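Asks: Build the 3D model from these lines:
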Amino acid sequence: MTRLRITGATLVAAPGRAPQGSVSLISRGGRIVSIGPEDPSADEGSHLRTGEPGEQVLDVGGRVVIAGYWNSHVHLTERVWAHAGSAPAQQLQPELDDMFLARGFTTAVDLGSDPRSTGALRRRIEQEELAGPRLLIAGMGLYPPRGLPFYVRQDLPWYLCPLLPQPRTGAGARRALRRSHRHGAEVAKLFTGSYVELDRITPMPLPVARAAVQQAHRQGRLVFAHPSNLEGTRVALEAGVDILAHVPDSPEGTAPLLREAAEQGCSLVPTLDMFAQTGSRDPAYLGGIYDGLKVFVEAGGRVLFGTDVGYLPDRDIRGELEALATCGLDVEQVLAMLTTAPASVFSDVPGVGSSTVAEGEAADLVVLDHRELTHPGQLADVHTTIRGGQVLWSAR
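Replies: From the prediction side, this is the model:
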């Protein structure tokens, strides 16, 4: 069994914890088995080498080591994933590196894609044919009756659109959820407010949304909602969803509901940079969205990091980190969004730990190209990504 020893670490074990310099970590069997002071005779630098028999040594040269990141809003819908079950590994691995591993993601939540291709990709990752993050999947989202978003209709052939679930009744919603559960989905996604046109949002009928949430909860699944506006947010909260997949981008009147969501324990994935890239960078547009996040945070709401990558072609996370900083979130708050907050939300999923760096926890780690953390943007500077005690990606 291969053992990984990390030397020369500046350890930030969890958000809010003081950094510890000159730390050594040892993992075995995918878990951290030892954390302690560094051997003063260790070499300095940044390289992976062979130590004792069966051991690899990664000297990080004083760089910050933190828990592996979660991306709580992705879509594996790009063309490259269409044949994920059969495409050559050398074709898929650079895409996994660029989308996930080079960004520090050791866990990702897919909120809508073809479950056949996403399930096949997940199997190949878990069988170690490919290196990638742990994937939690929703399968296909549920839409309002005659409520497919305009951008979905633009991207799909016309004959596939009727196949996407648009239940008119609670019974139809329950059938759709049973079907996606059979395909291995661990979460569910509802479009409680769907942009059927650029200037028109159709809400999901509350009885349909409520039946969907109840069915998903019976299956042990968390439910995300795409709210969009006041009515979509109201339907999501009255139906009992667990996570809002975006800040409402038609924010008029949503502030009281966002406070209510925070007080009820509903989580939020902001996706701020997605709105800037696909909507507008005009402060008059972004200001209302940013204000919605601020209201939620001030009310004590739990925020999860997510980028909507896959729908958003840009895979860089720096824009999202900078937008969060603009909203007043500090590096500790954003690090929690990337680690401990999603781990807490998904704590009932088998195998999910605390996303802290501690003995007994999974050896899912990120090495940053910094020796201290002072600003959220630094969290984009990933040097090495480790999952299960294996170095999956390194900048050099």
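
Asks: show me where pLDDT drops low in the protein?
Replies: The model of the chain has pLDDT under 70 over residues 1, 39-53.

Asks: just checking, Leu111 touches Ala225?
Replies: No. Assessed by Cβ atoms under 8 Å, Leu111 is found out of contact with Ala225, at 10.3 Å. C-beta coordinates here come from the backbone N, C-alpha and C atoms, glycine included.

Asks: Quote the end-to-end distance of stretch 219-231.
Replies: Taking Cα to Cα, to the nearest Å, stretch 219-231 runs 27 Å from one end to the other.

Asks: In terms of neighbours, single out the busier of Leu111 and Ala225.
Replies: Each of Leu111 and Ala225 has its neighbours counted (other Cβ atoms under 10 Å); Ala225 has more, 32 against 27.

Asks: Sort out which residues of the strand or helix carrying Gln277 are buried, please.
Replies: Assigned by DSSP states H and E, Gln277 belongs to helix 272-278. The neighbour-count check on helix 272-278 (16 or more other Cβ atoms under 10 Å) flags 272-276 as buried.

Asks: before we move on, the earlier item: can you pull the residues that touch both of Leu111 and Ala225?
Replies: Common neighbours of Leu111 and Ala225, using Cβ atoms under 8 Å, 6 or more residues apart in numbering, are 189, 245.

Asks: hmm, back to that, adding distance to Thr192, write the buried residues of helix 272-278 out as CSV.
Replies: Compiled in CSV, the buried residues of helix 272-278 are given as follows (distance: Cβ to Cβ, whole Å):
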residue, distance to Thr192
Leu272, 20
Asp273, 22
Met274, 18
Phe275, 18
Ala276, 23
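
Asks: which of those lies closest to Asp98?
Replies: Of all these, Asp98 sits closest to Asp273, with 16.8 Å by Cβ to Cβ.

Asks: Who are the contact partners of that closest one?
Replies: Taking Cβ under 8 Å, 6+ apart, we find Asp273 in contact with 307, 312, 314, 319-320, 322-323.

Asks: Find the residue closest to it in space, skipping its chain neighbours.
Replies: Gly319 (3.8 Å; Cβ to Cβ, 6 or more residues apart in numbering).

Asks: do Pro37 as well
Replies: Ser22 (6.4 Å).

Asks: thought the one you found was touching Gly8?
Replies: Yes. Using Cβ under 8 Å, Ser22 makes contact with Gly8 at a distance of 7.0 Å.
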